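**Q** need a structure here:
(2 chains)
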Amino acid sequence: MKFKNRITLKIKSLNQEEFFNKILSHKVKVFNLKRLDMETQFDIEPKDLKLVQATLKNNNIETLSQKESGFVAFKSSIVSRLGVFVALMVAMVLFLLSNMFVLQISVKGCNKLNQNAIVKFLQDRGYNHFSYKPNLDCDKIELEIMENFQQVSLVSATCIGASLVINIKEKQEDLTTQYQGDIISTCEGRIISMEVNSGIAKVSNGDLIREGDILVEGLEDSNGIKQQAKANIKAEVWIQNELVVPLEKIELEKTGKVQNFRTIEVFNKLLFSNITDCKFDNYLENVKSEVKIGSILPLKITNFKYEEVVEKVVSTDFEANKEYYIEECRQNALQKVQNNDIITEEKYFIENEVSFSRVNYLVIVERNIIWS
Amino acid sequence: MFNYFSELKKNFNIPDKFFDSYNIVNVGGNLVYIEGQKGLIALREDLVSFKLKNGVVEIKGSGLKLKDLTPDTVAVQGKIYKIEVF
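**A** Model prediction:
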């Protein structure tokens, strides 16, 4: 089967015979020439296209359409999509490149330990975004974290995709204290009555006690190990809550004016920045940074948002809202009252100063503390 | 294009001068092959005419189209009613 390269032209004109004779004199071959009224359609070889177009122009003949078929059509469709192919190749190369670098550091398993502290620790040692993956020594990272964070019991560092994932297991809290065996006060108050079954009483009826005071000390056995003290203690416990109400406070009110800046980094190099001095005297700053993973280029985009604020002095009418503040203070104090406590007295004190007022609410309860 | 006339010349010993001006072959009334055309005179759906060395050829029919047109040959396809040489 012959694979024919043809260009199909459709022209419109009156005196077309002269045109065809002209192109024939230049050794142009014409195929499938069909005439319908004033329109004629014919095929030519691609190599003759320029000559035919020039002759058409010279003869003022209108070209209605031009179509390609065969390899010529295939080649022009590829050329017209060349940009797409080039972009695909570039995207593939950049994707491969981006997988050779760490784009995200992820820390998991932290409860009491601060995640950001571990990330900052790693960054200070050169393990940050855009670190070259083959150069990462995960064993060394694990060792360094174990040596520098005492709360860490186990750690594992591994590269998953473009992320450096650190898994942490924290140490359990040490529950043994130097006060094992003793009965310790957990509140402030006064001893009403005390019956010691085992141990040495360190306080007596009527004594004032504070949080952390040893009430009954445990006895040591023959091996020198302290035994748990046992006693029934009844105490008057003072639960208080304090609320300070400033009479004037400064609030920041947003004016609505905002200034936004942005920086774009790729592989730790600054690509774009439009940061200038902030034109506001007083402002709230909001900085947000994100690394776009999975895009063609691994970009770190940081957005800076400055919102203008003005200081506004707001006065508080304490006397008008006094009942509200007293009730709030009371509720806060009552939260510390335990289930079996018996409330014997409630009172409050108000102090009025120049710039603030203070509400002090005291709840006195009778509490039974039984260690048996 | 095949050279039918070269084959004729060879097989029947026809002198060259017979093939100097023009040659017309009508194939089944659906295709006319002309060798020796010197230019297009008229081109319509029902009439195609060409200059020859010593005259003019007119082909009348319907649905005529020039299948192949080169500087000195042409193949006209369509329903051929009449071929006249003047």
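
**Q** Give me the helices and strands touching the one helix or strand A:Lys249 maps to, please.
**A** Taking DSSP states H and E as the criterion, A:Lys249 maps to strand A:248-266. If you count contacts as 3 or more CB pairs under 8 Å, 6 or more residues apart in numbering or on different chains; DSSP states H and E, strand A:248-266 packs onto strand A:269-273, strand A:283-292, strand A:299-315. Quick note: C-beta positions are derived from backbone N, CA and C, even for glycine.

**Q** so A:Glu18 makes contact with A:Asn58?
**A** No. The criterion here is CB atoms under 8 Å, and A:Glu18 misses it with A:Asn58 at 10.6 Å.

**Q** quick one, which of the two is more surrounded?
**A** A:Glu18 (14 against 10; other CB atoms under 10 Å in any protein chain shown).

**Q** Do you know the pLDDT at that one?
**A** You'll see A:Glu18 listed with a pLDDT of 89.

**Q** How about whichever strand or helix holds it and chain B, touching?
**A** A:Glu18 belongs to helix A:16-25 when assigned by DSSP H and E. Yes. Using CB under 8 Å from any CB of the partner chain, we find that helix A:16-25 touches chain B at A:Gln16, A:Glu17, A:Phe20, A:Asn21, A:Leu24, A:Ser25.

**Q** For those residues, work out which two are farthest apart.
**A** Farthest pair in these (CB to CB) is A:Gln16 and A:Ser25. Separation: 15.0 Å.

**Q** mean confidence for whatever helix or strand A:Leu143 lives in?
**A** Under the criterion of DSSP H and E, A:Leu143 resides in helix A:138-148. The average pLDDT within helix A:138-148 is 87.

**Q** re earlier: and for the strand holding A:Lys249, what are the contacting residues?
**A** A:130, A:270-276, A:278-280, A:282-284, A:297-316, A:355 (CB atoms under 8 Å, 6 or more residues apart in numbering or on different chains).

**Q** Please check those residues and keep the buried ones.
**A** A:130, A:280, A:283, A:298-302, A:304, A:306-309 (16 or more other CB atoms under 10 Å in any protein chain shown).

**Q** Who are the contact partners of the spatially most central residue of chain B?
**A** Residue closest to the average C-alpha location in chain B (CA atoms, centre = their mean): B:Ile34, at 1.8 Å. Applying CB under 8 Å, 6+ apart to B:Ile34 gives the contacts B:Tyr22, B:Asn23, B:Ile24, B:Val25, B:Phe50, B:Val57, B:Thr73, B:Val74, B:Ala75, B:Val76.

**Q** As a markdown table, those with secondary structure would be great.
**A** Formatted as a markdown table, the contacts of B:Ile34 follow (DSSP: H, G, I helix; E, B strand; the rest coil):
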| residue | secondary structure |
| --- | --- |
| B:Tyr22 | coil |
| B:Asn23 | strand |
| B:Ile24 | strand |
| B:Val25 | strand |
| B:Phe50 | strand |
| B:Val57 | strand |
| B:Thr73 | strand |
| B:Val74 | strand |
| B:Ala75 | strand |
| B:Val76 | strand |
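
**Q** Type out the ChimeraX command that picks the buried ones from those residues.
**A** To isolate the buried members of the contacts of B:Ile34 in ChimeraX, using 16+ other CB under 10 Å:
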select /B:22,24,50,57,74,75,76
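
**Q** Output stretch A:116-124 as PDB, restricted to C-alpha atoms.
**A** C-alpha atoms of stretch A:116-124 as PDB (Å, rounded to 0.1, in the frame of the first residue of the first chain):
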ATOM      1  CA  ASN A 116       9.100  21.500  66.100                       C
ATOM      2  CA  ALA A 117      12.000  21.200  68.500                       C
ATOM      3  CA  ILE A 118      13.100  18.000  66.800                       C
ATOM      4  CA  VAL A 119      12.600  19.500  63.300                       C
ATOM      5  CA  LYS A 120      14.700  22.500  64.300                       C
ATOM      6  CA  PHE A 121      17.300  20.200  65.800                       C
ATOM      7  CA  LEU A 122      17.600  18.300  62.500                       C
ATOM      8  CA  GLN A 123      17.700  21.600  60.500                       C
ATOM      9  CA  ASP A 124      20.500  22.900  62.600                       C
END
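
**Q** So what's the predicted local confidence for residue 36?
**A** Since no chain was named, I'll use chain A. pLDDT, A:Leu36: 84.

**Q** my bad, the chain I had in mind was chain B
**A** Note for B:Gly36: predicted pLDDT of 88.

**Q** got it, and the one 3 residues further on?
**A** Per-residue confidence at B:Gly39 stands at 90 (pLDDT).

**Q** Can you add pLDDT and distance to chain B and give the buried ones among the contacts of strand A:248-266 back as CSV?
**A** CSV is the format used below for the buried ones among the contacts of strand A:248-266 (pLDDT from 0 to 100; distance: CB to the nearest CB, whole Å):
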residue, pLDDT, distance to chain B
A:Phe130, 74, 66
A:Phe280, 88, 79
A:Tyr283, 90, 80
A:Pro298, 72, 60
A:Leu299, 78, 60
A:Lys300, 84, 66
A:Ile301, 86, 64
A:Thr302, 89, 69
A:Phe304, 91, 72
A:Tyr306, 93, 76
A:Glu307, 92, 76
A:Glu308, 93, 79
A:Val309, 92, 83
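
**Q** Tell me the helices and strands packed up against the helix or strand containing A:Val155.
**A** A:Val155 is part of strand A:152-160 when elements are defined by DSSP H and E. Other elements packing on strand A:152-160 under the criterion 3+ CB pairs under 8 Å, 6+ apart are helix A:138-148, strand A:163-170.
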